[in-house]
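Q: Predicted model and sequence below, questions to follow.
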Amino acid sequence: MGLIGNIYGFLGFYNHSRGKTEKALRWYEKAEKNDVTSANYQMAYGVLLLRTGKYEKAREIFDKMLIFYPRNERVRNNAKVNIALAYWKLGDLDLAIDRMTEMHNKLKNSRTYGGLGYMLLCKGDYEAALEFNLEALDYDDTDPVILDNLGQTYYLMGDLDNAFKYFNKAKEQKEDQVDTLFYLGNIYLQRGQREEAKEHYKKALECNISALNTISRQDIEAKLKEIE
């Protein structure tokens, strides 16, 4: 059964890598039903489930990986970080923060800094989020997620000058980060620079917007209607 499952997993990954989401999900599901043994295909399936908003199913996949790969530390660490993301999107922010904090204390990498930095921001304690996100900046001052987190922190604290500064730094590192473009659009709009705002909103609409983004296509379209 494992061989057939891995063949299906490969077909899922093949379609996944080419942006054919629905086909990929169908093959990954068949792979799971046929006892796929490749950790890479299972991890990719779980991540795609997160990106398409199937958070509970994603959590189940990652939980299963913790059981099936007891000695593979890399796989287990990635699965645990993704489980924290699943809990966040499922609405259990406190549990998500606990899980991500546990992994951050163990790993301390850009991914845990980025994930935990945003979760602390969602918690609403902006001073604590600012302290953590500044620490993250010291760790990696070129990571676009860390830079965007810091920009959003300053934005929510009302410091638009610093927010603008870090959003632009994030944009320099990754031009198609939807959250960054959206908030830059907001700042331009608040400054009365309507054309610049419209340009950034339109660029945001061209991005690959997934269920893991905190800004939706509807949010951006509403801003464009507001301008027009």
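A: Yep, it's here.
Q: Nearest residue to the middle of the chain?
A: Computing the C-alpha centroid of the chain and ranking residues by CA atoms, centre = their mean puts residue 212 first, at 4.7 Å.
Q: from what I can see that one touches residue 52, true?
A: No: in this structure, residue 212 is not within contact of residue 52 by CB atoms under 8 Å, at 9.4 Å. For glycine as for every other residue, the C-beta is placed from the backbone atoms N, C-alpha and C.
Q: which residues do those two both contact?
A: Here residue 212 and residue 52 share no contacting residue, scored by CB atoms under 8 Å, 6 or more residues apart in numbering.
Q: Can you give me the distance of the residue nearest to the centre of the chain to residue 133?
A: Residue 212 is 19 Å from residue 133, where distance means CB to CB, to the nearest Å.
Q: Run a quick neighbour tally on residue 117.
A: 26 (other CB atoms under 10 Å).
Q: If you could redo that for residue 185, that was the one I meant.
A: Residues near residue 185, counting by other CB under 10 Å: 26.
Q: next one: residue 58
A: By other CB under 10 Å, the residues close to residue 58 number 25.
Q: ok so, going back, may I have the secondary structure class of the residue nearest to the centre of the chain?
A: Three-state assignment for residue 212 (DSSP: H, G, I helix; E, B strand; the rest coil): coil.
Q: Report the contact partners of it.
A: Residue 212 makes contacts with 50-51, 85, 89, as judged by CB under 8 Å, 6+ apart.
Q: Let me know the helix or strand that residue 112 is in.
A: Using DSSP states H and E, residue 112 maps to helix 110-123.
Q: I'd like the distance between residue 189 and residue 52.
A: Taking CB to CB, one finds residue 189 at 30 Å from residue 52.
Q: again with residue 34
A: Residue 34 is 21 Å from residue 52, by CB to CB.
Q: Could you do residue 62 as well?
A: Distance check for residue 62 against residue 52: by CB to CB, it reads 15 Å.
Q: what about residue 82, which SS state?
A: helix.
Q: now do residue 166
A: Strictly by three-state DSSP, residue 166 counts as helix.
Q: Just the element for the nearest residue to it once chain neighbours are set aside, please.
A: Ranked by CB to CB, 6 or more residues apart in numbering and with sequence neighbours excluded, the top spatial neighbour of residue 166 is residue 151, at 3.8 Å. Using DSSP H and E, residue 151 sits within helix 144-156.
Q: got the CA positions of that helix in PDB?
A: Provided in PDB are the C-alpha atoms of helix 144-156 (Å, rounded to 0.1, in the frame of the first residue of the first chain):
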ATOM      1  CA  PRO A 144      10.000  39.900   5.000                       C
ATOM      2  CA  VAL A 145       7.600  38.400   7.500                       C
ATOM      3  CA  ILE A 146       9.600  39.800  10.500                       C
ATOM      4  CA  LEU A 147       9.700  43.200   8.800                       C
ATOM      5  CA  ASP A 148       6.000  43.100   8.000                       C
ATOM      6  CA  ASN A 149       5.200  42.100  11.600                       C
ATOM      7  CA  LEU A 150       7.100  45.100  12.900                       C
ATOM      8  CA  GLY A 151       5.400  47.300  10.400                       C
ATOM      9  CA  GLN A 152       2.000  46.000  11.500                       C
ATOM     10  CA  THR A 153       2.900  46.500  15.200                       C
ATOM     11  CA  TYR A 154       3.800  50.100  14.600                       C
ATOM     12  CA  TYR A 155       0.700  50.600  12.500                       C
ATOM     13  CA  LEU A 156      -1.600  49.300  15.200                       C
END
